[in-house]
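Enquirer: One predicted model, sequence on top.
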Amino acid sequence: MACAAYSARGPLKLGARAARHGTGSNSCDGWRTSVSYPASQGWSSKCSSVAMRVTSHCHAIVSASARWHSNSKASATDSSIVSDERITVLVIGGGGREHALCYALNRSPSCRAVLCAPAPSSDAVISFCHKEGVGMVVVGPEAPLVAGLANDLVKAGIPTFGPSSEAAALEGSKDFMKKLCDKYDIPTAKYCTFMDAAEAKQYVEQQGAPIVIKADGLAAGKGVVVAMTLDEAFEAIDSMLVQGSFGSAGSRVIIEEFLEGEEASFFAVVDGENALPLESAQDHKRVGDGDVGPNTGGMGAYSPAPIVTEELKDIVMKSIIIPTVKGMAAEGCKFVGVLYAGLMIEKKSGLPKLIEYNVRFGDPECQVLMMRLESDLAQVLLSACKGELGKVSLTWSPEMAMVVVMASQGYPGSYKKGTVIKNLDKAEQVCPAVKIFHAGTAMDGNGNLVAVGGRVLGITAKGKDIEEARERVYEAVDAVDWPEGFVRRDIGWRALQHKQMV
């Protein structure tokens, strides 16, 4: 299964500047490309103890000699751009997404070695890259991108997969993203932006419930409230604008219409002009079975998503992704990296609308995508850095992949750290198609693997269909000895339902 890049060259259609959404200080029209973000929106300086050699400085180093042997292959167009020179790749971050990226990069024939480390400062990363001869940096989390890490690395002459801080505003400010949609006619939910709680409540009363309240800035995946009643909406507005529960990230809120339909995750690698669609995925945000309880960073995912047909993929590329790439270039901040579009496939029309953008791989969607990718990931990402995606196509396994997140009891609320996890080797031996990605683990003083985060492990498996992948992944889950952890038991229910309907 292969897919090629779409070019963003050509005329750019501009949408009308939407004055319909509001006026005055809370107006939704207008345009601003510069957004500032506080340094407090950083990321943890601790790495997970991923299944690699980890030094005391938290640098995970994987040599090419330890490369996992598979039947993965690059497409013919991939092989035409592979050079004889193999590179060292540095992955920034320490979660499950980064472990999955390291796993895929370690299988890349063009990789000499894969390093993984947090980023205490741009200077430290630049110094480390020069010392280790790093040929490309792949930035995993959004916070360092918003803070300008990619800007500094590119300025230092280091090829970097990840957008500039200006382009990262697509995720760093929902207001920025919404205004881009208005200007370039990208389908999204109707909205208005507010900084005053009283005016925000007045707007909610006019619109009615259900309605969606979003913090403008980065809020670790917790800044969105789907309010089913007016009281819930008022509570969310007070929490963000009055009580300051999200700090400066919630000093401005976006109030959106409620869209009814099915959500899907859509990813595309972008080089500033060309966009290469990845395979589809679908995650489960709510903490409890049956999609109940509070939102989380994601409790599981699978790929491909049956709802994203080839026809729908083409619509998404032409109506959402390509206009975004063109629009960002027209605004003077070309996007280089991965665009992660959160979509709502509307129930009435069957057409996609953009809910939000992320400027990095999703977590846990990255885990299932990297399990299915058969192309040389290092060459694909390096081609994006060089503006050469037009020469690339991707090859994917036709199998279904599923990941189930094991989380600490109490997540997404408070949880206990330091609980011991056992039997991971046994879990991975359930089937050769099982892989465990570490998201929030560490080694304690006694050499035990312990949980140090909310989302801790990503138990992942492939199968010929959704049923086989699901059976394998839950068999591996049941082999893990961790009484203080929990999982959702219904990951993949939408795909199963879709299959039954078909």
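Expert: Received the coordinates, thanks.
Enquirer: Show me what counts as buried in stretch 196-208.
Expert: 197, 199-201, 203-204, 207 (16 or more other CB atoms under 10 Å). From N, CA and C alone the C-beta is placed, and that goes for glycine too.
Enquirer: Okay, helices next: where are they in the stretch 51-200 of the chain?
Expert: In the stretch 51-200 of the chain, the helices defined using DSSP state H, counting those that start in this stretch lie at 76-79, 96-105, 122-132, 142-146, 149-155, 169-172, 174-183, 197-207.
Enquirer: Give the other helices and strands that the second one contacts.
Expert: I take that to be helix 96-105. strand 87-92, strand 111-117, helix 365-372, helix 377-385, strand 434-438, strand 455-463 (3 or more CB pairs under 8 Å, 6 or more residues apart in numbering; DSSP states H and E).
Enquirer: So which of these is nearest Glu399?
Expert: strand 455-463 (4.6 Å; CB to CB).
Enquirer: quick check: angle from that closest one to strand 434-438?
Expert: 160 degrees (axes from the mean of the first three to the mean of the last three CA atoms, to 10 degrees).
Enquirer: Just the CA atoms of stretch 473-481, as CSV, please.
Expert: What follows is stretch 473-481, C-alpha atoms only, in CSV (Å, rounded to 0.1, in the frame of the first residue of the first chain):
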residue,chain,number,x,y,z
VAL,A,473,-3.0,-6.6,22.3
TYR,A,474,-5.3,-7.5,25.2
GLU,A,475,-3.5,-10.9,25.7
ALA,A,476,-0.3,-8.9,26.1
VAL,A,477,-2.1,-6.4,28.5
ASP,A,478,-3.2,-9.3,30.7
ALA,A,479,0.3,-10.6,30.9
VAL,A,480,1.6,-7.4,32.5
ASP,A,481,1.8,-7.5,36.3
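Enquirer: gap between it and the chain center?
Expert: 25 Å (CA atoms, centre = their mean, to the nearest Å).
Enquirer: again with stretch 87-106
Expert: For stretch 87-106, the distance to the chain centre is 14 Å (CA atoms, centre = their mean).
Enquirer: out of the helices and strands packed on helix 96-105, which comes closest to Thr296?
Expert: strand 455-463 (7.3 Å).
Enquirer: Name the residues that touch whichever helix or strand comes after the closest one?
Expert: Using DSSP states H and E, the helix or strand that follows strand 455-463 in sequence is helix 466-479. Outside helix 466-479, the residues within contact range by CB atoms under 8 Å, 6 or more residues apart in numbering are 302, 399-404, 406, 423, 426-428, 430-431, 433-434, 436, 459-463, 487, 489, 491-492, 495-496, 499.
Enquirer: how about a cut-off of 7 Å?
Expert: Under the contact criterion CB atoms under 7 Å, 6 or more residues apart in numbering, helix 466-479 has outside partners 302, 400-402, 404, 406, 423, 426-427, 430-431, 433-434, 459-463, 487, 492, 495-496, 499.
Enquirer: Can you say which of the residues you listed are buried?
Expert: Of the contacts of helix 466-479, these count as buried by 16+ other CB under 10 Å: 302, 400-402, 404, 406, 427, 430-431, 433-434, 459-463, 487, 492, 495-496.
Enquirer: deepest of the helices of the stretch 51-200 of the chain, which one?
Expert: helix 96-105 (a mean of 28; mean count of other CB atoms under 10 Å).
Enquirer: Report the angle between that one and strand 111-117.
Expert: Relative orientation of helix 96-105 versus strand 111-117 (the same axes, to 10 degrees): 170 degrees.
Enquirer: the bottom helix or strand of the protein by mean pLDDT?
Expert: strand 53-54 (a mean of 31; mean pLDDT, DSSP states H and E).
Enquirer: Was I right to think Phe258 contacts Val212?
Expert: Yes: here Phe258 reaches Val212: they are 5.8 Å apart, a contact under CB atoms under 7 Å.
Enquirer: neighbour-wise, which of those two wins?
Expert: Shown here are Phe258 and Val212; by other CB atoms under 10 Å, Val212 has more neighbours (20 against 15).
Enquirer: Check whether the more buried one sits in a helix, strand or coil.
Expert: strand (DSSP: H, G, I helix; E, B strand; the rest coil).
Enquirer: which residue sits closest to it, ignoring its sequence neighbours?
Expert: Glu256 (4.2 Å; CB to CB, 6 or more residues apart in numbering).
Enquirer: again with Ala113
Expert: Thr88 is the one closest to Ala113 (CB to CB, 6+ apart), at 4.8 Å.
Enquirer: give the contact list for Val452.
Expert: Applying CB under 7 Å, 6+ apart to Val452 gives the contacts 417, 440-442.
Enquirer: which pair in those spans the largest distance?
Expert: Taking every pair in the contacts of Val452 and measuring CB to CB, the maximum separation is 10.7 Å, between Lys417 and Thr441.
Enquirer: More neighbours: those two, which one.
Expert: Thr441 (23 against 14).
Enquirer: roughly how far apart are the residue nearest to the spatial centre of the chain and Pro294?
Expert: What sits nearest the mean C-alpha location of the chain, by CA atoms, centre = their mean, is Gly362, with 1.9 Å. Using CB to CB, to the nearest Å, we find Gly362 at a distance of 19 Å from Pro294.
Enquirer: what's the answer for Phe176, then?
Expert: Distance from Phe176 to Pro294, by CB to CB: 26 Å.
Enquirer: Gly261 too?
Expert: Taken as CB to CB, the span from Gly261 to Pro294 is 21 Å.
Enquirer: So for those two, which residue has more residues nearby?
Expert: The neighbour comparison of Gly261 against Pro294 (other CB under 10 Å) goes to Gly261, with 17 against 13.
Enquirer: picking up where we left off before, so who does the residue nearest to the centre of the chain touch?
Expert: Gly362 neighbours (CB under 7 Å, 6+ apart): 265, 283, 340.
Enquirer: can we see that at 10 Å?
Expert: With CB atoms under 10 Å, 6 or more residues apart in numbering as the criterion, the residues that contact Gly362 are 97, 265-267, 281, 283, 297-298, 301, 338, 340, 342, 368-369.
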